[in-house]
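Asks: Structure for this input, please:
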Amino acid sequence: MADAVEIVIVASAFGMDAVRAGGHLKWAQAAKRAGAVGFEVRRELFTSEGDANPDAAPEQLHALGAAIAELGLWSVFSTPASLYTPHGRLDTDALRLALDEAAALGARFVKLQLGGFIHDAEGAAIAALVAQRAQRAHGARGAQPRLVVENGQLAQGGSLAQFAGLFDALAREGQAGVLGMTFDIGNWAWLDVAPLDAAMRLAPHVEYIHCKTAAGEGARRFPVAPAADDTQFRTVLERLPRDVPRGIEFPFDASRIEADAAHYVGWLAKVQGKRSGQPATHRSAAHSKAQQHHSTSATQEHSMDHPHPTLDVITYGEAMAMFVAAETGPLAGVGQFTKRVAGADLNVAIGLARLGFKVGWMSRVGDDSFGQYVRDTLTKEGIDQRCVSTDARYPTGFQLKSKNDDGSDPAVEYFRKGSAASHLSLADYVADYVLPARHLHLTGVAPAISASSRELAFHLAREMRAAGRTISFDPNLRPTLWPSRAAMVEGLNALAALADWVLPGIGEGEILTGYTQPEDIASFYLERGARGVIVKLGAQGAYYRTASDAAVIVGQPVAKVVDTVGAGDGFAVGVISALLEGRTLPQAVARGNRIGSLAIQVIGDSEGLPRRAELDALERADGSRAASVI
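Replies: Next up is the predicted model:
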């Protein structure tokens, strides 16, 4: 099994009453016959009559563990106890007992529920207890069990926000590697959380997976085996680390229990494919240190040795809280605003994630409510934020945007000077995170916010280019952020020269190249190394040019323009998504026109960006727009 996924059978899968009556060892033997390599012992299923009773003597647990090991299985010790009390404090007694019992069993993992965690992770206390119990267990069979917490079915101890908050808190406390997570795919249904959203946020911390889905609603919901054609289940597994053990927790058919067990062991191993690394107990603790966020020193230790799903797209930049006026008129007279997020590169990340791409975003946010708002948005949109750091020294920027009802560009006032994101630098670059990605998207905004951020942009482009990855670049001019117009032109044209696809607007192209015609603007960048140039022409559509082809793709008609901000970002989403899917350049530009037109029909920078089903329906309805060849 050295090259195969490690499949564990959870004792309860054989039936809780059957385990209580016959004891764990009987069903560990059945797990071995089914082809599993691990067996999860459940403390709540012990009885004094049918099994070792951990309340009686640790020797009984030791004997059970020895018998399981003799079968050639390793074990997980699961307890229903919670790591945190309902009031949010660390339950040291529960943790101490769980560690001791798991050590007596000789388990690889000791698994607790999360409980009432609120804000303070008490990571140092956890680390001290783990170290203390490890010393006591020295000389016993195997290593000290690895501590993991599991998402449960109750609101307390089962919310995505709690788990995200826990690992963020541990990182802030310098204890990022003290524990890992058991990710129960089916349990998220009890909290109405999409498992995919949770996987994208928590994957770096996952060391063990419970594989099941849920059927029914409300109190009638119950765990079931995933269907063979359950694409959502497969997609969630793809987003989680590929070399951590998988536990079967759904109930087997009682009429053919051993045959069912063998079937699902084989099926789950086949679904998941091959392992790519060491056992989770050796790998995940080291990787968890990479999750430490910026604190008072704003320094970050990155280590991306934890296997993770390869990202499709990487982008980086600044996200801000945005307050959109609820009424028309000058901003000075507006009394009510609606809070949203803003950021050109983040808009593109959101749009691509909604279309099903695996997207990573690099940035810094402040240790403030705006920063948490940005993080919550990333989680909601399913964007990988392992390279987003929290910086306690500098704030998250924000902006005010007016409301117009005549289709004109709204007024925007920025409050971003000295923001956390403006301190982005080469220290934020993590090669193991960036280079496996298929594509890099850059805008002209992030290089404009500071010299150090500009240095990072060029480094990203050069490294991805050297690695043979594709790069797209949208100038997104912000003249007020540059020391001079000449510096802006020189800097952005140099960055464009590193890109495969350059996406200027017609006005931007004139400023950057000095030419007024799209053909000349395109030629300017083709001569400097671009593979293709797409010049946005507003309502008229877009002009593209390569070394061998050129055309205008007509624009998508719009009945009423509501908010022009974000149109270019929507265009980029369309072009990048289509090119990554292997579509032709005319098809990519047509999709860019379509999504750009959707973006300007609603208030907000990213609210109009479609999800995959909506886009597919629109493209099926009338196909690609026609192109007129020049």
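Asks: burial of residue 80, as a residue count?
Replies: Look at residue 80: counted by other C-beta atoms under 10 Å, it has 12 neighbours. C-beta here means a position set from N, CA and C on the backbone, and glycine is covered the same way.
Asks: Now for it, which secondary structure element holds it?
Replies: Using DSSP states H and E, residue 80 sits in strand 74-84.
Asks: pLDDT of that strand, averaged?
Replies: Here strand 74-84 scores 96 as its mean pLDDT.
Asks: cool, stretch 185-202 as well?
Replies: pLDDT averaged over stretch 185-202 gives 87.
Asks: now the end-to-end length of that stretch.
Replies: End-to-end distance for stretch 185-202, by C-alpha to C-alpha, to the nearest Å: 12 Å.
Asks: And for stretch 106-120?
Replies: 30 Å.
Asks: How far away from the center of its chain is it?
Replies: 22 Å (C-alpha atoms, centre = their mean, to the nearest Å).
Asks: quick one, strands of the stretch 501-630 of the chain?
Replies: Ranges of strands in the stretch 501-630 of the chain, per DSSP state E, counting those that start in this stretch, are 501-502, 532-536, 541-546, 550-554, 627-629.
Asks: With distance to residue 191, mean pLDDT and mean neighbour count as extra columns, can I get those in TSV?
Replies: As requested, these are arranged in TSV below (distance: least, C-beta to C-beta, whole Å; pLDDT from 0 to 100; neighbours: other C-beta atoms under 10 Å):
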stretch	distance to residue 191	mean pLDDT	mean neighbour count
strand 501-502	41	96	28
strand 532-536	42	95	25
strand 541-546	43	93	23
strand 550-554	44	92	20
strand 627-629	48	43	13
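Asks: Can you tell me which of those is nearest to residue 508?
Replies: strand 532-536 (8.3 Å; C-beta to C-beta).
Asks: Now do that closest one against strand 550-554, angle only.
Replies: 30 degrees (axes from the mean of the first three to the mean of the last three C-alpha atoms, to 10 degrees).
Asks: contacting residues around strand 532-536?
Replies: 500-506, 509, 518, 521-522, 525-526, 542-546, 568, 571, 575, 585, 589, 592, 596 (C-beta atoms under 8 Å, 6 or more residues apart in numbering).
Asks: re the thing from before, nearest to residue 343 among the strands of the stretch 501-630 of the chain would be which one?
Replies: strand 532-536 (19.1 Å).
Asks: how big is the angle separating the closest one from strand 541-546?
Replies: Using the same axes, to 10 degrees: strand 532-536 against strand 541-546 is 170 degrees.
Asks: Kindly format the C-alpha coordinates of strand 532-536 as CSV.
Replies: Extracted in CSV, the C-alpha atoms of strand 532-536 (Å, rounded to 0.1, in the frame of the first residue of the first chain):
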residue,chain,number,x,y,z
GLY,A,532,-1.7,38.3,-28.1
VAL,A,533,-3.2,41.7,-27.4
ILE,A,534,-6.9,42.4,-26.8
VAL,A,535,-7.9,46.0,-26.8
LYS,A,536,-11.2,46.8,-25.1
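Asks: distance of residue 443 from residue 189?
Replies: Separation of residue 443 from residue 189 (C-beta to C-beta, to the nearest Å) stands at 37 Å.
Asks: more neighbours, these two?
Replies: With neighbours defined as other C-beta under 10 Å, residue 443 and residue 189 compare such that residue 443 has more, 30 against 20.
Asks: Let me see the contact set for the more buried one.
Replies: 315, 317, 344-345, 348, 473-476.
Asks: Could you tell me which of the residues you listed belong to strands?
Replies: Those of the contacts of residue 443 mapping onto strands are 315, 473-474, per DSSP state E.
Asks: any chance of the residues you listed in CSV, with pLDDT and neighbour count too?
Replies: As requested, the ones in strands among the contacts of residue 443 are exported to CSV (pLDDT from 0 to 100; neighbours: other C-beta atoms under 10 Å):
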residue, pLDDT, neighbour count
315, 95, 29
473, 97, 26
474, 95, 29
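Asks: now, which of the residues you listed sits nearest residue 321?
Replies: Using C-beta to C-beta, these come closest to residue 321 at residue 315, 19.1 Å.
Asks: Assess the claim that that closest one and residue 359 are in contact.
Replies: Yes. The pair formed by residue 315 and residue 359 meets the contact definition of C-beta atoms under 8 Å, at 7.3 Å.
Asks: overlap in contacts of these two?
Replies: residue 349.
Asks: Next one: the closest residue to residue 560 other than its chain neighbours from residue 204, what distance?
Replies: Using C-beta to C-beta, 6 or more residues apart in numbering and skipping residues adjacent in sequence, the residue nearest residue 560 is residue 601, 6.9 Å away. If you measure residue 601 against residue 204 using C-beta to C-beta, the figure is 37 Å.
Asks: now residue 154
Replies: Taken as C-beta to C-beta, the span from residue 154 to residue 204 is 24 Å.
Asks: So for those two, which residue has more residues nearby?
Replies: Each of residue 154 and residue 204 has its neighbours counted (other C-beta under 10 Å); residue 204 has more, 22 against 15.
Asks: just checking, the more buried one is part of a helix?
Replies: Yes. Counting by DSSP: H, G, I helix; E, B strand; the rest coil, residue 204 is part of a helix.
Asks: ok, it touching residue 386?
Replies: Yes. The pair residue 204 / residue 386 is scored as a contact, 5.3 Å apart, by C-beta under 8 Å.
Asks: related to what we said a few turns ago, for residue 195, which of the strands of the stretch 501-630 of the chain is the nearest?
Replies: strand 501-502 (33.7 Å).
Asks: Now do that closest one: which elements does it pack against?
Replies: strand 470-474, strand 532-536, helix 567-580 (3 or more C-beta pairs under 8 Å, 6 or more residues apart in numbering; DSSP states H and E).
Asks: what pairs with that strand, and is each one parallel or antiparallel?
Replies: strand 470-474 (parallel), strand 532-536 (parallel) (DSSP bridges).
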